[in-house]
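Student: one predicted model, sequence on top.
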Amino acid sequence: MGDDRSAALCLLSARAVRERAHRMLELGLADALPHFRVVPERLASAVELVLTRIRHTYPDHDIPFHARWRHFVVQGLDRWAAIADATAWSDPRRRARAEFDLAIVSVLLDAGAGPRWRYRDGRSGTELGRSEGLALASLEMFVAGAFSSRPDEPLRADAGVLMRLCVADLRRAFQVTDDNPLVGLEGRVALLRRLGEVTATRADVFAADDDPRPGGLFDHLLGTARAGEIAAPAILTEVLLALGPVWPSRIALGGIALGDCWRHPALTTRDATSELMPLHKLSQWLTYSLIEPLQRAGLHVGDIDGLTGLAEYRNGGLFVDTGVLAFRDPADAGRDHPVDSPLVVEWRALTVALLDRVADGVRRSLGVDALALPLAKVLEGGTWAAGRSIAFERRPDGAPPIRVISDGTVF
């Protein structure tokens, strides 16, 4: 059991994600994968598409980090910044806790919405779908105090309120109807309830300086920092350990839930982690989104490139739509695939490794290094937008090129 536990802890890291993803890519380049062929000569097309998006959106190359905060910008107005800047915080830590509350709740609600769902913004009249719509809906709930137990302090999320959320609460706030269906509604509510349970039972992590709340993780991370500095991969590990029980029980090893970790027969090892491919997409998305609140509170966040690219359908779709990845069986393009299927696991792992190669290509073209253009900026500049744009060019509804059956907790 001790060996299994140590092996499990090794999988709860960005390093394990990157190492195994690149092993999957090596197998692909050797034409040894069951579901995809890797066509390396098409990678230049993906790099050029990313460069086109960067030049269009960020002509001065002043690219922010890929984070949930970007989705709170609607028609050029940063909704959250406007609210936070106008709030009289008694100290920077109170703002940081609120931003952790918002980021954690919003990211947990950020799995794929499906092609039909839209959120109508009452302020601008704009209709937004997918991640942007989910972000704005979650922000409006947060600002309205939907997660707070204190009427005089709406900008917070409390464990007790999260535990009592019901499907009707989310259905109403996210404008869900029979004609406006949201994929995985029940799964999203279950995630937030479990978030409440975890924060309530882990006072050592989530209630050091306040009542139990997700934002208590800020104080916990502050306590682990050394000389005012913390490494991004260390943030991810703390997120995975603290919030691991929030995710549905899938694969466990040594009594530790592995979260967004799946089996693929090609990834054999000689220990208990054989055939396991960790991806930790939402946890890494959350980690990227916690960097800016930590920086605003005065901490230095190092080794941001120690995190990996995100194994989600926009990044992954970029490689399928540009021909870098080709189905061995063309009929797979028309099938629905469970999220735990080897085909989906293979696709997601290849996506992580290929994002590193795209980042290298983008940097070479722009004549900059990883310090000037970290992966977090390539993703934002970037691969996600390029994947989205080519999806809409190829398919009217902008759907990904692979149809994944999801419960609202992964995609």
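Tutor: Thanks, I have it.

Student: can you give me the strands for the protein?
Tutor: Counting by DSSP state E, the chain has these strands, from start to end: 36-38, 73-74, 77-78, 119-120, 127-128, 229-231, 252-253, 256-257, 261-263, 276-278, 300-302, 325-327, 336-338, 403-405.

Student: any idea which of the ones you listed is most buried?
Tutor: Mean neighbour counts were compared across these using mean count of other Cβ atoms under 10 Å; the top stretch is strand 276-278, at a mean of 26. Bear in mind the C-beta positions are built from the backbone N, C-alpha and C, glycine included.

Student: who does that one pair up with?
Tutor: strand 261-263 (antiparallel) (DSSP bridges).

Student: contacts for the partner strand, please.
Tutor: With Cβ atoms under 8 Å, 6 or more residues apart in numbering as the test, strand 261-263 has contacts from 11, 250-251, 275-280, 339-340, 342, 344-345.

Student: export the strands of the chain as CSV, with columns for mean pLDDT and distance to His61.
Tutor: Output for the strands of the chain, formatted as CSV (pLDDT from 0 to 100; distance: least, Cβ to Cβ, whole Å):
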stretch, mean pLDDT, distance to His61
strand 36-38, 98, 29
strand 73-74, 92, 19
strand 77-78, 93, 20
strand 119-120, 94, 31
strand 127-128, 90, 27
strand 229-231, 97, 25
strand 252-253, 91, 42
strand 256-257, 88, 40
strand 261-263, 96, 35
strand 276-278, 97, 32
strand 300-302, 96, 21
strand 325-327, 98, 28
strand 336-338, 95, 37
strand 403-405, 91, 33
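
Student: which residue in the contacts of strand 261-263 has the weakest pLDDT?
Tutor: Lowest in pLDDT among the contacts of strand 261-263 is Arg250, which has 83.

Student: what sits against that residue?
Tutor: Ala257, Leu258, Gly259, Cys261, Trp262, Asp340.

Student: check contacts around Ala207.
Tutor: Neighbours of Ala207 in contact, by Cβ under 8 Å, 6+ apart: Thr199, Arg213, Gly216.

Student: same check on Asp31?
Tutor: Arg37, Val38.

Student: Leu243 too?
Tutor: Applying Cβ under 8 Å, 6+ apart, the residues near Leu243 are Ile104, Leu195, Val198, Ser283, Leu286.

Student: swap in 10 Å and give it another go.
Tutor: When contacts are counted by Cβ atoms under 10 Å, 6 or more residues apart in numbering, Leu243 touches 104, 108, 191, 194-195, 198-199, 202, 205-206, 214, 217, 259, 282-283, 286.

Student: if we can go back for a sec, of all the contacts of Arg250, which two lie farthest apart?
Tutor: The distance between the two most remote of these (Cβ to Cβ) is 14.6 Å, for Ala257 and Asp340.

Student: burial count for the closest residue to Ile256 other than its chain neighbours?
Tutor: Leaving aside its chain neighbours, Ile256 sits nearest to Ala8 (4.0 Å; criterion: Cβ to Cβ, 6 or more residues apart in numbering). Around Ala8 there are 23 other residues, counting by other Cβ atoms under 10 Å.

Student: just the buried residues from the contacts of Leu243, in PyMOL please.
Tutor: Buried subset of the contacts of Leu243, written as a PyMOL selection, criterion 16 or more other Cβ atoms under 10 Å:
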select buried, resi 104+108+191+194+195+198+199+202+205+206+214+217+259+282+283+286
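
Student: distance from the chain centre to stretch 295-307, please.
Tutor: 17 Å (Cα atoms, centre = their mean, to the nearest Å).

Student: same check on stretch 211-220?
Tutor: That offset, for stretch 211-220, works out to 20 Å (Cα atoms, centre = their mean).

Student: what does stretch 97-117 give?
Tutor: With Cα atoms, centre = their mean, you get 9 Å for stretch 97-117.

Student: ok, now stretch 180-195?
Tutor: Put simply, stretch 180-195 sits 16 Å off its chain's centre (Cα atoms, centre = their mean).

Student: all good on my end, thank you.
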